[in-house]
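Enquirer: task: produce atomic coordinates for the following.
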Amino acid sequence: MNKHLPLIALIGNPNAGKTALFNALTGLNHKVSNYPGVTVERRVGKTQIESAMVNILDLPGTYSLIPESQDEAIVVDEVNQWTRMIGRPVCIISVVDSTNLNRNLYLTSQLLDLGIPIVVALNMTDLARKKSLKIDTFELQKKLGCSGVVSVAARLEEGIDDLKNAVKTILDEKVPNKHSKMVPLPEPIREAIEPVSDWFRKQKHIHSRMAQAQALRAVSSNNDWQFEADGLSTLIKTAREKVNDFGFPHSTLEATIRYHWLDQIVPPTDMNIKTKTQSERMDNILTHPVLGPFIFIGILAFIFQSVFTWATIPMDWINNGVIIFGDGISGLLPAGILRDLTVEGIIGGAGAILVFLPQILILIFFLALLEDTGYMARLAVMMDKAMTLVGLHGRSVLPLMIGYACAIPGIMATRTINSWRERLVTILVTPLMSCSARLPVYALMIGAFVPEKQVWGFFGLQGLTLVLMYFLGTATALVLSIFFSRWIKAEHNRSFIMELPPYRVPMMKSILRQVYTRGKIFITDAGKIIMAISICLWFLASFPRNETDSRINPNLTYSYASKIGHMIEPVIQPLGFDWKIGIGLVTSFAAREVMVSTMATIYNVEDKGDKVISLTDALKNDVDPVSGKHVYTPLVALSLMVFYVYAAQCMATFAVVRRETNSWKWPLVMIVYMTGLAYFASLIVYQGGLLLGFS
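Expert: Numbers count the residues shown, from 1 in each chain. Down below sits the predicted model:
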């Protein structure tokens, strides 16, 4: 961020459309969704307002400046810095949901006390029009005393120029928000909190209005640890006793006063009952205590079935394209190390993982669709009681669902959970949700060893096997949540309040943008790791050289990779794994999908031809030269998939857990329990299968 540019801050309630507005202003493509709490960290972008370039700051959603969760604490910490003139913006854009004006303006009323010019962006005006809601922006600006009120529809990019013009006026004037209205306090309340106000004014060196607002917030807050400075806690305690004596419960004091003021300046509006009823009718079915869970299971089954059936054709195209490209490069380059490295190492390794991109994109598409419709929020409410039984939280649903795509954003999404114990438990079990990085391993094994046939007339056996892998990880996560919740002590009682957003027709532009972004991340970020490991592995598998004319390349037998693999083999042999799989297990600690590229590199090196081979065919045809038996069987494939359901093989995940928990203890706990679970589950599957007569 260029600190010399003027800073414009976006603040608003969860699901008010801040990030959609941020994208519209900056041209960036950050994730937006019809679910409260999608943004969990500060983001900065740039936009041009006429000739001026400015920084735009997008903060997580919060209902007030009294934080109830970590993502809300990020906003409050930022605002507290502004009171000390640190990183203070020249303007705040208060993003407000036009369909819920009174509730959203509560936060705006708190921001007005900061003395910073404020433009109120009445977002979602397209939805307000459908509900026949009419808002007089000029009258609202006059009653609030803010610098401007602008109607926008961020998803449709309506009103963006008007918003920029309102901000430009503030940039040109460069004056504080002198005309904003101050929420009036009853005289007994003002006198009761005056000692606290004086403390803030003198100790924090802030003006009287801001000091009074801070005092009101301190008296109302339940987070007493924030106000443990010398003498302050005593002043707050005394003020609370006086407020309670006046008949005002101190915990609801600020809310009572501010909403009373807002009721006077915001006229009541008539809602379109028909629209509301349609949403309620859908909720009666989708969130039904009996039907709801079955509908959800059916949706997941459909998604995972589609991942296999819909991706078949594009996967074949990519696979054939990789083979043709590799053959073409092989024909252009002279025989030697460079050709072997390019064809066997780079194209063979990286190309093998690229084949599974369509499946990953289809999975991301459906998850984004569920979020954008508003169904995900209903799922959180519907599952709250079930989550409570296993020691989790209704808000744990979104992180767990995001975990199907990637554990890292899922873990970061736990910031919306206001209970530390339930947040930590969610962090510990989120990596058990089968992420998209596991999908290539599942798809490879299922595609090679599970036949394409129908079950019950409409389910494909391959898709059903994939559903089983996802179910196994999810069920284990819920069971382990019970154990972790009893092991980790609770700091305070849980609470769960969630705003249910209206059902919306998904914005395909937004969904496709998410799919594109995830695909780009997979190709660029994971691609770099895969490329580097493929090159290193090719050298380990190709040297030292031992030239002969045998059909199978002896270089692999005497290579460094073979020696390392045979050292590992005794440990993993009870799981049905050979030394080649052992190499894959080691390399995939960087990223799980590296397992596929590792196997592709090894088999391309082993095959002495000059062409890229099909990894699926190589696995099917791999025969132990000593026993003459196939190395890979359906039982070995199942054992390997079960191992990857539980395996803790993602270094980036451990780094994020370290950052979110501020301790190395929990990443180490995660590595130990997941690795042990993976080993013993795979052992039971393979040895149990042998006892039952499977080979």
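Enquirer: test my guess that Pro399 contacts Ala413.
Expert: Yes: with contact defined as C-beta atoms under 8 Å, Pro399 counts as touching Ala413 (4.3 Å). Where you see a C-beta, it was placed from the backbone N, CA and C, and this is true even at glycine.
Enquirer: the two - which one has more neighbours?
Expert: Using other C-beta atoms under 10 Å as the criterion, Pro399 and Ala413 rank with Pro399 on top: 28 against 25.
Enquirer: how close does that one sit to Leu432?
Expert: 12 Å (C-beta to C-beta, to the nearest Å).
Enquirer: quick one: mean pLDDT over stretch 89-98.
Expert: Averaging the model's pLDDT scores along stretch 89-98 yields 95.
Enquirer: alpha carbons only: can I get that stretch in PDB?
Expert: Below are the C-alpha coordinates for stretch 89-98, written out as PDB (Å, rounded to 0.1, in the frame of the first residue of the first chain):
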ATOM      1  CA  PRO A  89      -8.500   7.700   6.600                       C
ATOM      2  CA  VAL A  90      -9.600  11.000   4.900                       C
ATOM      3  CA  CYS A  91     -13.100   9.500   4.500                       C
ATOM      4  CA  ILE A  92     -15.200   6.500   5.600                       C
ATOM      5  CA  ILE A  93     -17.700   4.900   3.300                       C
ATOM      6  CA  SER A  94     -20.300   3.400   5.600                       C
ATOM      7  CA  VAL A  95     -21.800   0.500   3.500                       C
ATOM      8  CA  VAL A  96     -25.400   0.000   4.500                       C
ATOM      9  CA  ASP A  97     -27.900  -2.600   3.400                       C
ATOM     10  CA  SER A  98     -30.900  -0.600   2.000                       C
END
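Enquirer: name the secondary structure element that contains the residue lying closest to Thr616 once chain neighbours are set aside.
Expert: Among residues not flanking Thr616 along the chain, Ala448 sits closest, at 4.7 Å (C-beta to C-beta, 6 or more residues apart in numbering). Per DSSP states H and E, Ala448 falls inside helix 439-449.
Enquirer: which residues does that helix contact?
Expert: Defining contact as C-beta atoms under 8 Å, 6 or more residues apart in numbering, one finds that helix 439-449 is touched by 307-308, 353, 355-356, 359-360, 363, 434, 462, 465-466, 469, 592-593, 595-596, 599, 615-616, 619-620, 632-634, 637-638, 640-641, 644.
Enquirer: who does the helix or strand that it is followed by pair with, and is each partner parallel or antiparallel?
Expert: Using DSSP H and E, the helix or strand that follows helix 439-449 in sequence is strand 454-455. On the basis of DSSP bridges, the sheet neighbours of strand 454-455 come out as strand 459-460 (antiparallel).
Enquirer: residues in contact with the strand it pairs with?
Expert: Applying C-beta under 8 Å, 6+ apart, the external contacts of strand 459-460 come out as 301, 305, 308-309, 452-454.
Enquirer: how about the helices in the stretch 1-150 of the chain?
Expert: 18-26, 70-83, 101-112, 125-130, 137-144 (DSSP state H, counting those that start in this stretch).
Enquirer: measure the residue nearest to Thr616 to Val119 for me?
Expert: With C-beta to C-beta as the criterion, Ala448 and Val119 are 59 Å apart.
Enquirer: who has more neighbours, those two?
Expert: More neighbours surround Val119 than the other of Ala448 and Val119, with 24 against 17 (other C-beta under 10 Å).
Enquirer: show me the contacts for the closest residue to the more buried one other than its chain neighbours.
Expert: Once flanking residues are discounted, Val119 sits nearest to Gly148: 4.3 Å by C-beta to C-beta, 6+ apart. Gly148 makes contact with 119-120, 141, 166, 169-170, according to C-beta under 8 Å, 6+ apart.
Enquirer: which members of these are the farthest-apart pair?
Expert: Of all pairs drawn from the contacts of Gly148, the greatest distance, 13.9 Å, lies between Val120 and Thr169 (C-beta to C-beta).
Enquirer: more neighbours, these two?
Expert: Val120 (28 against 14).
Enquirer: bridging residues for that one?
Expert: Beta-bridge partners of Val120, as defined by DSSP bridges: Ser94, Val149.
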